[in-house]
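**Q** model this:
(chains A and B)
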Amino acid sequence: GDSVTQMEGPVTLSEEAFLTINCTYTATGYPSLFWYVQYPGEGLQLLLKATKADDKGSNKGFEATYRKETTSFHLEKGSVQVSDSAVYFCALRYNNNDMRFGAGTRLTVKP
Amino acid sequence: NAGVTQTPKFRVLKTGQSMTLLCAQDMNHEYMYWYRQDPGMGLRLIHYSVGEGTTAKGEVPDGYNVSRLKKQNFLLGLESAAPSQTSVYFCASSLGGRNEKLFFGSGTQLSVL
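**A** I've put the predicted structure just below:
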């Protein structure tokens, strides 16, 4: 079935460092891909999405490109801030009924 | 602008007790979902609904029941709680279509002793 695999965390970076969180997917068709972020004590909220191959989603300095040839949707940010500390989830949605999530990657950014 | 509201936020049960989690959304969404979040496993779908009066099983439905009597509400029930059901539960809702995002509630932390 459809699934998402994320790099395991936790990830600890210094402020202004470059961030990459890897995400690959397995799907029978052409899903839409999403990155969600979860801050402590809160529910998940959408960070960015891409709905077809070669689309780039971007928001708040984060970006990810839908790569059909490598079935990947890696999250990147050029310069992280302490406020980016959170858990990041990669997800895919193939139909109306379900959104499949990866295991999540915890990011800690130190001053 | 409430969005998705879950009650209660925290609950402690003894093994064998029952309880109901309530989810309410004010966005007129057709689709509603219940997920559980466990360390290292991400979010797993328990049950979902594609409209008032409909429910369907997700990835991990055993031990749970749901009802969607009103479009805005989606109830998750545990008839006989087990320690394996200790988890954080999230409700979500969305519009139809694979490009649409899910809107999440803030979660319910449930401990079963």
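
**Q** show me what contacts the residue in chain A positioned nearest to chain B?
**A** Residue nearest to chain B within chain A: A:Gly43 (3.3 Å; Cβ to the nearest Cβ). The C-beta positions use only the backbone N, C-alpha and C, and glycine is treated the same way. Counting by Cβ atoms under 8 Å, 6 or more residues apart in numbering or on different chains, A:Gly43 makes contact with B:Val4, B:Phe90, B:Ala92, B:Phe104, B:Gly105, B:Ser106, B:Gly107.

**Q** ok, and of those residues, which contact chain A?
**A** B:Val4, B:Phe90, B:Ala92, B:Phe104, B:Gly105, B:Ser106, B:Gly107 (Cβ under 8 Å from any Cβ of the partner chain).

**Q** Whether the helix-or-strand element of chain A with minimal mean pLDDT contacts chain B - can you check?
**A** For chain A, counting by mean pLDDT, DSSP states H and E, strand A:98-101 ranks last in confidence among helices and strands (a mean of 87). Yes - counting by Cβ under 8 Å from any Cβ, chain B is contacted by strand A:98-101 at A:Asp98, A:Met99, A:Phe101.

**Q** That strand pairs with which strands?
**A** Strand pairing for strand A:98-101, using DSSP bridges, gives strand A:86-95 (antiparallel).

**Q** what does the partner strand contact?
**A** A:2, A:4, A:6, A:21, A:23, A:25, A:27-40, A:44, A:47, A:73, A:75, A:99-102, A:104-107, B:42-43, B:98-100.

**Q** For B:Gly16, grab the count of nearby residues.
**A** 10 (other Cβ atoms under 10 Å in any protein chain shown).

**Q** residues contacting the closest residue to it other than its chain neighbours?
**A** Among residues not flanking B:Gly16 along the chain, B:Ser80 sits closest, at 5.3 Å (Cβ to Cβ, 6 or more residues apart in numbering or on different chains). Counting by Cβ under 8 Å, 6+ apart, B:Ser80 touches B:Gly16, B:Gln17, B:Ser18, B:Gly63.

**Q** okay, B:Ser80: pLDDT?
**A** Looking at B:Ser80, its pLDDT is 96.

**Q** and the gap between it and chain A?
**A** Using Cβ to the nearest Cβ, to the nearest Å, we find B:Ser80 at a distance of 27 Å from chain A.

**Q** Could I get the full set of strands for the chain?
**A** Picking chain A for this. A:3-6, A:11-14, A:19-21, A:23-26, A:32-38, A:44-50, A:56-59, A:62-65, A:75-77, A:86-95, A:98-101, A:105-110 (DSSP state E).

**Q** wrong one, I was asking about chain B
**A** Under DSSP E, chain B gives strands at B:4-7, B:10-13, B:19-25, B:31-38, B:42-49, B:56-57, B:65-67, B:73-78, B:87-94, B:103-104, B:108-112.
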